[in-house]
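# Any chance you could fold what I've pasted below:
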Amino acid sequence: MRATICGIAREAGIEPFLSMSARMRAKVILLSATPYNKTYLDLANQLRLFIPEDKVLGIRPERLLRDDGLTEFVRKHQCSPHSLAAFEKSPHPDDWRDLMRLYLVRRTRTFIRSNYAAFGQAHGIVTT
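Reported below is the predicted structural model:
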């Protein structure tokens, strides 16, 4: 699956930015998107660009686990309940909100321009 995601990154034209951020040991990469009409799987695929699906996240999809129970979840899905793969099984918005709180920083375009445009221009980063 990681190869597929890398292929998507290459097709979307963001692979050079991912490579550059890895060389610079960047802790943050800004991706611009308006997530209207997106599925949870779309969010998971974006997170997969940076997070291995089996990484221990420190949280788990509690609503899904409440429905299935931990033993049944592990039997049925064969993945750690603390992983991105576990969240991919959850249809519950609250589970996804909990996950996104760890990785999502919401800023408006106006905020980014007002606070970061000068830095981007000074460092040769294209801002639009």
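
# Buried residues, the lengthiest helix in the chain. List them.
Ranked by residue count and defined by DSSP state H, the top helix of the chain is helix 109-122. Counting neighbours by 16 or more other CB atoms under 10 Å, one finds that helix 109-122 has no buried residues. Every C-beta, even on glycine, is put in place using the N, C-alpha and C of the backbone.

# what packs against it?
Here helix 109-122 touches no other helix or strand, going by 3 or more CB pairs under 8 Å, 6 or more residues apart in numbering; DSSP states H and E.

# then that helix to CSV, C-alphas only?
As requested, C-alpha coordinates have been extracted for helix 109-122 and formatted as CSV (Å, rounded to 0.1, in the frame of the first residue of the first chain):
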residue,chain,number,x,y,z
ARG,A,109,-5.7,30.9,3.7
THR,A,110,-5.7,34.5,4.9
PHE,A,111,-4.0,33.5,8.2
ILE,A,112,-1.3,31.6,6.3
ARG,A,113,-0.7,34.5,3.9
SER,A,114,-0.6,37.1,6.7
ASN,A,115,1.8,35.1,8.9
TYR,A,116,3.9,33.0,6.6
ALA,A,117,4.1,34.6,3.1
ALA,A,118,7.2,36.7,3.9
PHE,A,119,9.0,33.7,5.3
GLY,A,120,8.1,31.6,2.3
GLN,A,121,9.3,34.3,-0.2
ALA,A,122,12.5,34.8,1.8
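
# What is the end-to-end distance of stretch 99-109?
Across stretch 99-109, the terminal residues are separated by 23 Å (CA to CA, to the nearest Å).

# swap in stretch 58-71?
By CA to CA, the extent of stretch 58-71 from end to end equals 18 Å.

# Quick one: mean pLDDT for that stretch?
With pLDDT averaged residue by residue, stretch 58-71 scores 96.

# Just the residues contacting that stretch, thanks.
73, 76, 81-82, 86-87, 89-92, 94-95, 98-99, 102 (CB atoms under 8 Å, 6 or more residues apart in numbering).

# What residues sit buried inside that stretch?
Residues of stretch 58-71 classed as buried by neighbour count (16+ other CB under 10 Å): Arg60, Pro61, Leu64, Leu65, Asp68.
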